[in-house]
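Peer 1: Sequence and predicted structure below; questions after.
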Amino acid sequence: PNTGILDATFLQIRGNPQPLEDDIAFLAQFRNGVNPELSTGIFQNQGNLNTRLAQSNDTGNLEPNFGLSRFASLDPLQTSIAGAGPFLAFEAIATEPSNTSVPGLWRIRPQGNPEPVALVGVSGVYAPADGQTFQRFDRWSLFANGDIVAECVINGGPHGLYRFAIGPAPELILRVGQSIAVATSAGPAQATVN
């Protein structure tokens, strides 16, 4: 691992590597030299260089970039990563100084740092709308333009598929209870999204 410490070593590569443009990204457990403390991180392999993109318990650019929180752990049982084009997205848990856990979705742009996209139980820019908060993310996908589409359960709002583009607020694109047109053998019909 390229951590700036000569004797840093990987202890375990965890989870499935993901494409990241012409490189790969992966979760790994590592140790900085003789320091017994173990850390976990997301790395980008670029030939002979394994660059950190995110790291547990980091206080710098590799942190969640949400207040003073830190990534509690980037364990594959709680963290999933996906690469598409030059973008990387991952689901992880941040811990605030009060020890409050905040699950969420993060995106890393090319040459960028982790940026929160949507956070569970947090209002404001990381929420679906005023008066609503995310309760959980059931499934999600990353697209090569950086968009993330996630199946979200919402407190105080409609459950459904939300699109997280770079810049604009979350966009509800398909919700539970929505009526949609479907093609049937008898012609067009209306159906309700369950």
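Peer 2: Thanks, I have it. Residues are numbered from 1 along each chain as shown.

Peer 1: contacts, neighbours, all on C-alpha from now
Peer 2: OK.

Peer 1: Phe66 and Ala118 touch, don't they?
Peer 2: No - counting by C-alpha atoms under 8 Å, Phe66 stays clear of Ala118, with 10.8 Å between them.

Peer 1: So for the two, which sits in the more crowded spot?
Peer 2: Ala118 (26 against 16; other C-alpha atoms under 10 Å).

Peer 1: Would you tell me which strand is longest in the protein?
Peer 2: strand 9-20 (DSSP state E).

Peer 1: List the buried residues of the next helix or strand after it.
Peer 2: Following strand 9-20 in sequence order, the next helix or strand is strand 23-31 (DSSP states H and E). Using 16 or more other C-alpha atoms under 10 Å as the test for burial, strand 23-31 gives 24-31.

Peer 1: ok, of those, which one's closest to Asn48?
Peer 2: Ile24 (11.9 Å; C-alpha to C-alpha).

Peer 1: For the closest one, name its beta-bridge partners.
Peer 2: Using DSSP bridges, the beta-bridge partners of Ile24 come out as Pro19, Asn45.

Peer 1: Could you double-check that it lies in contact with Pro17?
Peer 2: Yes - between Ile24 and Pro17 there is a contact at 6.3 Å, judged by C-alpha under 8 Å.

Peer 1: Low-confidence regions, this structure specifically.
Peer 2: 35, 76-77 (pLDDT under 70).

Peer 1: switch to 90 and redo it
Peer 2: Counting by pLDDT under 90, the ranges of the chain that qualify are 3-8, 13-16, 22, 31-39, 47-48, 57-61, 72-80, 157, 176, 193-194.

Peer 1: Find the residue at the geometric middle of it.
Peer 2: Phe90 (2.5 Å; C-alpha atoms, centre = their mean).

Peer 1: How about the contacts made by that residue?
Peer 2: 79-82, 105-107 (C-alpha atoms under 8 Å, 6 or more residues apart in numbering).
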